[in-house]
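Asker: Mind folding the following:
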Amino acid sequence: MDIDNVTRRWHEVKDRLPAGVKLVAVSKHVPVELIAGLYAAGQRAFGENRVQELERKREALPPDIEWHAIGHLQTNKVRLVAPYVSMIHGVDSARLLEAIDREAERAGRVIPCLLQFRVATETSKFGMTEREVRALLESEEFARMKHARVAGVMAMATFTRDEALVRGEFARARELFEALKRDYFADDAGFNVLSMGMSGDYRLAVQEGSTLVRLGSALFRGDE
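Answerer: The predicted structure follows:
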């Protein structure tokens, strides 16, 4: 990996993305120097899935970087990122959202979060069912939350070369997003994030309505 190639790939990806689609650069296992180079090129949103690595990089990089906690976040790690994280992806349980609300209140902040749906056929994928999400949003506990703000949903498709399957899973995620918007967030302009699409499938995701893509290897290794 060298910064010239990373920057070139970043410009190529940015040129492909329609207006209104946000790019989060997934920087896990990426050296601080490369992140700093991409920051210098203009990228501001970076995603990490290990809290310890996120903490180390945050201390070494510019303070205006927009850090996204991606991946499966354990409830006992929420307190570490609550003071500064820009968004928490992959909220896959009511228990986790309650922990975010509690720690965000302690930090004096409101933290945007994405509810994770499991639409993939792979059992290894995290996420909630539509019934579980609706039960959460209709619960008394959610009604009392003031510091965890649901900003949208996220989903990951099955890791496969079957484009029809992947497209169908993304379409299902879009339907779920639209249903939640209609039924629970019709008057909330802040519920506007449909996060789906990674390096291998982001083009399909964008075609199916994604507003946020998370790309790591497409930027740092040239894998698409």
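
Asker: For the longest helix anywhere in the chain, which outside residues touch it?
Answerer: For the chain, the longest helix by residue count, based on DSSP state H, is helix 163-184. Outside helix 163-184, the residues within contact range by CB atoms under 8 Å, 6 or more residues apart in numbering are 115, 117, 119-121, 130, 133-134, 137, 152-155, 157-158, 160, 191, 194, 196-197, 201, 204-205, 207-210. (Each C-beta comes from the backbone N, C-alpha and C, glycine too.)

Asker: what about burial for those residues, which qualify?
Answerer: Buried members of the contacts of helix 163-184, scored by 16 or more other CB atoms under 10 Å, are 115, 117, 119-120, 133, 137, 152-155, 157, 191, 194, 196-197, 201, 204-205, 208-210.

Asker: Any figure for the gap between the residue positioned nearest the centre of the chain and Val81?
Answerer: Against the mean C-alpha coordinate of the chain, by CA atoms, centre = their mean, the closest residue is His89 at 4.1 Å. In this view, His89 and Val81 are 12 Å apart by CB to CB, to the nearest Å.

Asker: what touches both of those two?
Answerer: Ala69.

Asker: Quick check: what element follows the longest helix of the chain along the chain?
Answerer: strand 193-195 (DSSP states H and E).

Asker: who's in contact with that following strand?
Answerer: 22, 89, 112, 114, 151-155, 173-174, 177, 209-214.

Asker: Okay, and which of the residues you listed map to helices?
Answerer: Using DSSP H, the contacts of strand 193-195 in helices are 173-174, 177.

Asker: In a markdown table: those, plus neighbour count and pLDDT.
Answerer: Below are the ones in helices among the contacts of strand 193-195 laid out as a markdown table (neighbours: other CB atoms under 10 Å; pLDDT from 0 to 100):
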| residue | neighbour count | pLDDT |
| --- | --- | --- |
| Ala173 | 28 | 95 |
| Arg174 | 19 | 97 |
| Phe177 | 26 | 97 |
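
Asker: would you turn those into CSV with distance to His29?
Answerer: Shown next, in CSV, are the ones in helices among the contacts of strand 193-195 (distance: CB to CB, whole Å):
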residue, distance to His29
Ala173, 27
Arg174, 30
Phe177, 30
